[in-house]
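S.K.: kindly return the folded structure for what I paste below:
(one chain, ligands or ions: 2)
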Amino acid sequence: MARIVSDPKFQSTQLGFPATFSGLWPDDVAGQRSEGPSPTLGELLKHVGDTRGDQEADPRALEFTDLSLNQRALPFILSFNNLSYSVKVRRKITFSGLFSGKKDIEAAGPEGLNKFTETKTLLNDISGEARDGEILAVLGASGSGKSTLIDALANRIARGSLKGSITLNGERLEERLLKVISAYVMQDDLLFPMLTVEETLMFSAEFRLPRTLSKSKKRARVQALIDQLGLRAAAKTIIGDEGHRGVSGGERRRVSIGIDIVHDPILLFLDEPTSGLDSTSAFMVVKVLQRIAQSGSIVIMSVHQPSYRILGLLDRLIFLSRGQTVYSGPPLKLPDFFSEFGHAMPESENRTEFALDLIRELEGTPGGIKALVEFNKQWQKAYPPQASPTRQGLSLKDAISASISRGKLVSGKPETDSSSMSSSSSAMATFANPFWTEMWVLTRRSALNIRRTPELFLIRLGAVVVTGFILATIFWKLDHSPKGVQERLGFFAFAMSTTFYTCADALPVFLQERYIFMRETAYNAYRRSSYVLSNSVVAVPALVLLSGAFAASTFWAVGLGGGTSGFFFFFLIIFASFWAGSSFVTFLSGVVSHVMLGYTVVVAILAYFLLFSGFFINRDRIPAYWIWFHYLSLVKYPYEAVLQNEFNDPTICFSRGTQVFDNTPLGAMTPAMKTMFLRLLSGSIGRNVTESTCVTSGVDILREQGITQLGKWECLWVTIAWGFFFRILFYFSLLLGSKNKRR
Ligand SMILES: Nc1ncnc2c1ncn2[C@@H]1O[C@H](COP(=O)(O)OP(=O)(O)O)[C@@H](O)[C@H]1O
Ligand SMILES: [Mg+2]
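M.R.: Numbering: from 1, shown residues only. Ligands and ions are numbered 1, 2, ... in the order given. You can find the predicted model right below:
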């Protein structure tokens, strides 16, 4: 374990919290710090929670360090200057626009060179500053650019599109470092509905906190977090969804925040964390955010319309209107600002409501907003924000290291104490845990989810068993006559495509999980590869049960051949089909974003797979320019495999003697006439064909069906390989599809 604070600069006295450490760390650690070598992160982390006895101990021991503002000397200042962001939007083509052609281009100016697009400015020259210990709130009517600004600050807009600079303590933030030290809480609560609050937070802790932290310490951290978020009473309640009663909306929002702050990030971004909550819940959320800020984080959030009480918790405001700043400063200065602008605020009114109403009114008048924007610029010049207190001097790397040594950001894994800036980002591991740990935690979480929602599996099982039952009754004990052969072929084609269709049931489940996955990987909770692998592993037990149920309910009832080994192969090939089908659907869930679209695509593609499988039309009859689709057809391989399993037995005859007349108009003759006909025929072809001569063997049927290229085991392996292939494609779709950034 490397040292992180060996630099003498970090002697606690210089950092300015000599007394506070003893509150957080046991005395021996605190003592160790002032003399001799400073402790490593590992050593420090070992003591996390030690001050906390058992469950009844003071929950604050592990809480975010409760230092009062003036005692903290770990400054973080996020400054953003002249942020501008615009997007190209397609312009409506009007007749007048078409005819006035040239003039229009000139009017559009140098940026609007293309006549059919115009640039829309979402952020226009926005500057400001956010400090640790404070909440910066972005306000404005909906559509004013709040989410865009938060996205810009959280590095969720591609580099090239965003103009201006964002610095932390004067240094440009590298993307990798930002991901480690920041968290972004989305507007929607994307949580697994069947996990309890405690479990949800615990899984998040297992992803985000480093392996050096023991399980009991992670548990202690989660318990402290539950207290801090005010979720004690709801800890054992499931999150819930439309179908299951769960925690309240406010509690759910706090859980959403909790999973992103479990590793105590330095920068916390939230998009409208209070929207949709009643005023008490909203207040509690902001109260929690205030405590997070006071523990040494920068909190930046957007608010639609804060209540009076919430306003009291905010330290800085940025009012936006159409992407421009119309006010920037503390809430207390709002009345002064607007009275100087000539619109005095009545005492009795809610300040933000007044401001929002006024802004909306000005937006309606020509030039109104421009005046306010200009006035704000003058105001900023007249009352420049106070320079930060004497906290300069610490470089970003030092500040982060010092912050870590205080117990913050426990997901970081510092490795060296070299002093260059670049090492501060390389010092933080990109992922808190190794691959196998992630796999294990993800698999456990999925298993728990599956256990909590047995109905999902039971519905799939029910669908398979009902299909099996219907097939069993329709195709009950098929004989070995030419008719029976036809029916067998129909049974196989239907059975094989059904296995694929049942896989489509899982599409919504995958899609729901996809959003959670995007949220979690956006800030490196785990690797995409471990997700893909665990996702595949978890699927297998259910598929084994489904294929077992289907094989058992049809094999003997239909009277399929091959005995025990035949059954075993039948089971294997159905399992392989389920595997390939579920991989295919999983891949689709990575590509399409909507359930209905997903179903449409699945149903259409499966129909084509069946069409080209070789059942409706043999391979040699498919036009040459379509033959590639025949080989792509997932249904082809299991279909050919079961046919071979059925018909490869040379001892069974499928058409004997007079049965050659079945399925032809001659089949209506009396048996005596058939016998006579047969004798006549055998005389004319010079071969003795009697009642008992086998005319069609299984091998003949296979040849007739064009099944000559692959053996049955080869078909099985190809089907399984398709499954792996789609899992790999799924991985790439996740890699490419979840960039999570605006362009
Ligand atoms: N990709 C885009 N193309 C065109 N307009 C956009 C795009 N993204 C956002 N906007 C517009 O930018 C404005 C600001 O959006 P947003 O930041 O989401 O507002 P807020 O969060 O304040 O409600 C809105 O008018 C919205 O319609
Ligand atoms: Mg928004």
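S.K.: poorly predicted segments of the protein, please.
M.R.: 1-74, 91-115, 385-394, 404-429, 738-740 (pLDDT under 70).
S.K.: per-domain residue ranges of it.
M.R.: Domain assignment for the chain by automatic domain parsing gives 8-56+391-426, 435-655+697-737.
S.K.: tabulate those domains (JSON lines), appending mean neighbour count and distance to ligand 1.
M.R.: Placement of C-beta: from N, CA and C, glycine included. Below are the domains of the chain laid out as JSON lines (neighbours: other C-beta atoms under 10 Å; distance: least, C-beta to the nearest ligand atom, whole Å):
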{"stretch": "domain 8-56+391-426", "mean neighbour count": "18", "distance to ligand 1": "28"}
{"stretch": "domain 435-655+697-737", "mean neighbour count": "18", "distance to ligand 1": "16"}
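S.K.: can you put those domains in TSV and add distance to residue 242?
M.R.: What follows is the domains of the chain, written out as TSV (distance: least, C-beta to C-beta, whole Å):
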stretch	distance to residue 242
domain 8-56+391-426	33
domain 435-655+697-737	12
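S.K.: can you say which of these is nearest to residue 186?
M.R.: domain 435-655+697-737 (6.1 Å; C-beta to C-beta).
S.K.: off-centre distance for that closest one?
M.R.: The chain centre lies 25 Å from the centre of domain 435-655+697-737; the measure is C-alpha atoms, centre = their mean, to the nearest Å.
S.K.: re the thing from before, which of the domains of the chain sits closest to residue 281?
M.R.: domain 435-655+697-737 (21.3 Å).
S.K.: next secondary structure element downstream of the longest helix along the chain?
M.R.: Ranked by number of residues, the top helix in the chain under DSSP state H is helix 528-558. Next helix or strand after helix 528-558 toward the C-terminus (DSSP states H and E): helix 563-591.
S.K.: next, the angle from that following helix to helix 528-558.
M.R.: For helix 563-591 against helix 528-558, the angle by axes from the mean of the first three to the mean of the last three C-alpha atoms, to 10 degrees is 140 degrees.
S.K.: what is helix 563-591 packed up against?
M.R.: Contacts defined by 3 or more C-beta pairs under 8 Å, 6 or more residues apart in numbering; DSSP states H and E place helix 563-591 against helix 482-503, helix 507-522, helix 528-558, helix 595-611, helix 636-647, helix 712-737.
S.K.: columns distance to residue 331 on top of those helices, output as TSV?
M.R.: Below are those laid out as TSV (distance: least, C-beta to C-beta, whole Å):
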stretch	distance to residue 331
helix 482-503	55
helix 507-522	31
helix 528-558	42
helix 595-611	43
helix 636-647	67
helix 712-737	41
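S.K.: right, so of the ones you listed, which gets closest to residue 187?
M.R.: Where the helices and strands packed on helix 563-591 are weighed against each other on C-beta to C-beta, the nearest is helix 507-522, at 11.2 Å.
S.K.: with just CA atoms, put that closest one into CSV.
M.R.: Output of helix 507-522 as CSV, limited to C-alpha atoms (Å, rounded to 0.1, in the frame of the first residue of the first chain):
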residue,chain,number,x,y,z
LEU,A,507,-36.9,-7.9,-23.5
PRO,A,508,-38.5,-5.4,-21.1
VAL,A,509,-36.5,-6.8,-18.2
PHE,A,510,-33.3,-6.2,-20.1
LEU,A,511,-34.3,-2.8,-21.2
GLN,A,512,-35.2,-1.7,-17.7
GLU,A,513,-31.8,-2.9,-16.5
ARG,A,514,-30.1,-1.1,-19.3
TYR,A,515,-30.9,2.3,-17.8
ILE,A,516,-29.6,1.3,-14.5
PHE,A,517,-26.5,-0.1,-16.2
MET,A,518,-26.0,3.2,-18.0
ARG,A,519,-26.2,5.2,-14.8
GLU,A,520,-23.8,2.9,-13.0
THR,A,521,-21.2,2.7,-15.6
ALA,A,522,-21.3,6.4,-16.4
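S.K.: in the stretch 601-743 of the chain, what residue lies closest to ligand 1?
M.R.: Closest contact between the stretch 601-743 of the chain and ligand 1, by C-beta to the nearest ligand atom, is at residue 742 (6.7 Å).
S.K.: distance of that residue from residue 544?
M.R.: 43 Å (C-beta to C-beta, to the nearest Å).
S.K.: go on, residue 281?
M.R.: 45 Å.
S.K.: do residue 714 as well
M.R.: In terms of C-beta to C-beta, residue 714 sits 22 Å off from residue 544.
S.K.: do residue 562 as well
M.R.: Counting by C-beta to C-beta - residue 562 and residue 544 are separated by 20 Å.
S.K.: which non-adjacent residue is nearest the spatially most central residue of the chain?
M.R.: For the chain, the residue sitting closest to the mean C-alpha position, by C-alpha atoms, centre = their mean, is residue 517 at 2.1 Å. Nearest residue to residue 517 in three dimensions, chain neighbours excluded: residue 531, at 6.1 Å (C-beta to C-beta, 6 or more residues apart in numbering).
S.K.: now the strands for the stretch 151-300 of the chain?
M.R.: Here the stretch 151-300 of the chain has its strands, by DSSP state E, counting those that start in this stretch, at 162-168, 171-172, 182-185, 267-270, 298-303.
S.K.: residues from the stretch 51-200 of the chain in reach of ligand 1?
M.R.: When proximity is defined as C-beta under 6 Å from any ligand atom, the stretch 51-200 of the chain approaches ligand 1 at 87, 89, 120, 122, 140, 142-148.
S.K.: can I get these in a markdown table including secondary structure and neighbour count?
M.R.: Formatted as a markdown table, those follow (DSSP: H, G, I helix; E, B strand; the rest coil; neighbours: other C-beta atoms under 10 Å):
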| residue | secondary structure | neighbour count |
| --- | --- | --- |
| 87 | strand | 15 |
| 89 | strand | 10 |
| 120 | strand | 12 |
| 122 | strand | 23 |
| 140 | strand | 28 |
| 142 | coil | 10 |
| 143 | coil | 13 |
| 144 | coil | 25 |
| 145 | coil | 25 |
| 146 | helix | 24 |
| 147 | helix | 18 |
| 148 | helix | 24 |
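S.K.: for residue 384, state which of the residues you listed is nearest.
M.R.: Of these, the one sitting nearest to residue 384 (C-beta to C-beta) turns out to be residue 140, at 23.0 Å.
S.K.: any idea how far residue 320 is from that closest one?
M.R.: Taken as C-beta to C-beta, the span from residue 140 to residue 320 is 4 Å.
S.K.: between these two, which contacts overlap?
M.R.: Counting by C-beta atoms under 8 Å, 6 or more residues apart in numbering, the contacts common to residue 140 and residue 320 are residue 146.
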